[in-house]
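Engineer: Need coordinates for the following:
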Amino acid sequence: MNKIGILGSTGSIGTQALEVIENNSNYSVEYLSCFDSVDLLIKQSKEFRPQSVCIIDKNKESQLAHGLKGEGIEILSGFEGLWEISSVKVDLMLNAIVGSDGMKPSIIALNNNINLALANKESMVMAGWIIKDIQKKNSSKIIPVDSEHSAIFQCMIGESEKDINRIILTGSGGPFRSRDIDSFQDITLQEALSHPNWEMGSKITIDSATMMNKGLEYIEAYWLFDLPINKIDIIVHPQSIIHSMVEFLDGSIKAQMGEPDMKVPIQYAFSYPYRIENLIEPFNFIQNNKLTFEEPDLNKFPCIRLAKDALVSGESHQVVLNVANDLVVQKFLDKKISFNDIPNMIEKAISNHSQISNPTLSEIQALSDWTKEYLNKEVIDA
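Structural biologist: Residues are numbered from 1 along each chain as shown. The predicted structure is shown next:
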């Protein structure tokens, strides 16, 4: 039986991962964590019986302890607790934490030679250079869970890297793909949270609406797959049936496709290098008989350009891009800024930071602190 740890178990990816485990007796849950969804964490803990659970919000620790009294489950709290369980030896750790808080647990797990199912793209965006160095020193593996990177990972199995001409990240284009750019200033929060194809958490859904998710995935693909920038492309595919593609030197293309259901890449990460049956409806080609593709509109979606530029201009740019995006998306969710403010504020933060090449973990933390302070004092509250 494979021992699984899940960080971010109450979010969209985490809850779907537990659905996968519930339907398969090959896996046991060793630990769970969440930020502050204490009631759901209690429910999950009683059902899956982990050894340890962690709630990052320390104010909820007593409520968690009360809810699990007598259950024999270790209770941890705060980021210190999160980092502690990130080092627990399991067969696979799923990092489904949303945002930059997920970076350090990825590094801790890999440093402890724990295989990582990665659904936290910020780990690679903010510290890809650190993670690659860790992997050179030990045998820890990263199995991508994001649908696009899982697709590329699957398409590259059995292939030689020298035969790859390019990888092609697909994206739906989000809810505003066909909307007139002149009306973007009127976009409401409710509209931005209405994704046409995927059911995701609110932060990731906004990233899809701005297409920052595709920019972050572009950077993540660079660090995950060791390919030069000119071999990574982005294409808009509104139906979200083809999850990404790999083109080879002979002109042939491998595409991983299927229903837009995150349980597929989650389950593949758990079962890799094997495949196991699931309960998902078989793909119907007749009902999905039109697949279309478009160039991404960088005028509508400048976040893609910002991410590409950050990858070219240096690692500290990627850190500031990621942290700034986390912050301003939350401000948009709190209705404190407009949709158009999101890329504008991110660009201001990138332009005004002091560049650092290959920042260390302490320098990444300092860059994160600076970005939050700059945006809060100089931009958002100005």
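
Engineer: Any stretches of this structure with poor pLDDT?
Structural biologist: By pLDDT under 70, the weakly predicted segments of the chain are 197-199, 378-382.

Engineer: Scan it for its longest helix.
Structural biologist: Looking across the chain with DSSP state H, the single longest helix is helix 315-333.

Engineer: how about that helix as PDB, C-alpha atoms only?
Structural biologist: Extracted C-alpha coordinates of helix 315-333, given in PDB (Å, rounded to 0.1, in the frame of the first residue of the first chain):
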ATOM      1  CA  GLU A 315      15.000  34.600 -11.300                       C
ATOM      2  CA  SER A 316      14.100  37.400  -9.000                       C
ATOM      3  CA  HIS A 317      11.700  38.700 -11.600                       C
ATOM      4  CA  GLN A 318       9.900  35.400 -11.400                       C
ATOM      5  CA  VAL A 319       9.700  35.600  -7.600                       C
ATOM      6  CA  VAL A 320       8.200  39.100  -7.700                       C
ATOM      7  CA  LEU A 321       5.800  38.200 -10.500                       C
ATOM      8  CA  ASN A 322       4.500  35.300  -8.400                       C
ATOM      9  CA  VAL A 323       4.200  37.000  -5.100                       C
ATOM     10  CA  ALA A 324       2.700  40.100  -6.700                       C
ATOM     11  CA  ASN A 325       0.100  38.000  -8.500                       C
ATOM     12  CA  ASP A 326      -0.900  36.200  -5.300                       C
ATOM     13  CA  LEU A 327      -1.400  39.500  -3.600                       C
ATOM     14  CA  VAL A 328      -3.300  41.400  -6.200                       C
ATOM     15  CA  VAL A 329      -5.500  38.500  -7.100                       C
ATOM     16  CA  GLN A 330      -6.600  38.400  -3.400                       C
ATOM     17  CA  LYS A 331      -7.200  42.100  -3.500                       C
ATOM     18  CA  PHE A 332      -9.400  41.600  -6.600                       C
ATOM     19  CA  LEU A 333     -11.300  38.800  -4.800                       C
END
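
Engineer: Could you check how far that helix is from the centre of its chain?
Structural biologist: Distance of helix 315-333 from its chain centroid, counting by C-alpha atoms, centre = their mean, to the nearest Å, is 14 Å.

Engineer: Name the residues of that helix that come out as buried.
Structural biologist: When burial is assessed from 16 or more other C-beta atoms under 10 Å, helix 315-333 yields the following buried residues: 315-329, 331-333. Bear in mind the C-beta positions are built from the backbone N, C-alpha and C, glycine included.

Engineer: ok, now stretch 13-31?
Structural biologist: Neighbour-count burial for stretch 13-31 flags 13-18, 20-21, 27-31 (criterion: 16+ other C-beta under 10 Å).

Engineer: go on, stretch 257-264?
Structural biologist: Buried positions in stretch 257-264, judged by neighbour count with 16+ other C-beta under 10 Å: Met257, Gly258, Pro260, Asp261, Met262, Lys263, Val264.

Engineer: Kindly report the same for stretch 289-304.
Structural biologist: Using 16+ other C-beta under 10 Å as the test for burial, stretch 289-304 gives Pro296, Asp297, Lys300, Phe301, Pro302, Cys303, Ile304.

Engineer: Just list the residues touching the fourth one, thanks.
Structural biologist: The one in question is Phe301. Phe301 sits next to Thr210, Met211, Lys214 when contact means C-beta atoms under 8 Å, 6 or more residues apart in numbering.

Engineer: which phi and psi does it have?
Structural biologist: phi -130, psi 70 (degrees, to the nearest 10).

Engineer: Okay, strands next: where are they in the protein?
Structural biologist: Residue ranges of the strands in the chain, as given by DSSP state E, are 2-7, 27-34, 52-55, 74-77, 92-95, 116-118, 142-144, 164-171, 232-236, 242-248, 253-257.

Engineer: can you tell me which of the buried residues of stretch 289-304 are in helices?
Structural biologist: When the buried residues of stretch 289-304 are checked against helices (DSSP H), the matches are Pro302, Cys303, Ile304.

Engineer: Please report how far the residue nearest to Asp226 when sequence neighbours are not counted lies from Val312.
Structural biologist: Once flanking residues are discounted, Asp226 sits nearest to Glu161: 7.1 Å by C-beta to C-beta, 6 or more residues apart in numbering. Per C-beta to C-beta, to the nearest Å, Glu161 is found 22 Å from Val312.
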